[in-house]
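Novice: model the following, please.
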Amino acid sequence: MDSETREKIKKTVREILEEADMNEMTEYKIRQMASQKLELNLSDSKYKAYVRHVVNSFLEEQKARQEEAEAAAADDDNNNSNQKEFDDDGDLIVCRLSEKRRVTIQEFRGKNLVSIREYYKKDGKELPSSKGISLTEEQWSAFRKNIPNIEKAVRKMESQIM
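Specialist: Below is the predicted model:
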């Protein structure tokens, strides 16, 4: 297989992997999708092994990134363990987006939620308003996965305004 074909396959497979739901994706599906994009039968044995190699390399890179992120988060937690902030309900305040808005992690009916919500003051207490959203872990994961698409849409919208 020539180097140009190898590079096209590698680029296409990696693009598919970066957009894929890794819980649903299989090597077979990746080969089928890449075959359609490239108009090339990647089920032939000479291509099949290379696709497997690209998939495995991608997964190893993802695992390494995740381990680095977890290690960095653990270091941050160790360095900032005394600086954690909790609200009146005992929910962890991850960050304050503004004076009235914040991101919290809370448990509700046995589920962990990421809440992005507006707060108001009453009798000296900060209370959550109905303005906001609470996402389950699955919803948060889907949101995080789509942040590049959201950013792209925002950039496109901003360029149309200017």
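Novice: flag every buried residue along the helix-or-strand element of the chain with minimal mean pLDDT.
Specialist: Ranked by mean pLDDT, DSSP states H and E, the weakest helix or strand in the chain is helix 45-80, scoring a mean of 81. The neighbour-count check on helix 45-80 (16 or more other CB atoms under 10 Å) flags Tyr47, Tyr50, Val51, Val54, Val55, Phe58 as buried. Backbone N, C-alpha and C define where each C-beta goes, glycine included.
Novice: same question for stretch 30-46.
Specialist: Ile30, Arg31, Met33, Ala34, Ser35, Lys37, Leu38, Leu42.
Novice: so which strand or helix has the first one?
Specialist: Read it as Ile30. helix 27-38 (DSSP states H and E).
Novice: what's the local residue count around Lys11?
Specialist: 14 (other CB atoms under 10 Å).
Novice: for Ala71, see how far away the residue nearest to Leu38 when sequence neighbours are not counted is.
Specialist: Excluding the flanking residues, the one nearest Leu38 by CB to CB, 6 or more residues apart in numbering is Thr12, at 5.7 Å. Distance of Thr12 to Ala71, given as CB to CB, to the nearest Å: 32 Å.
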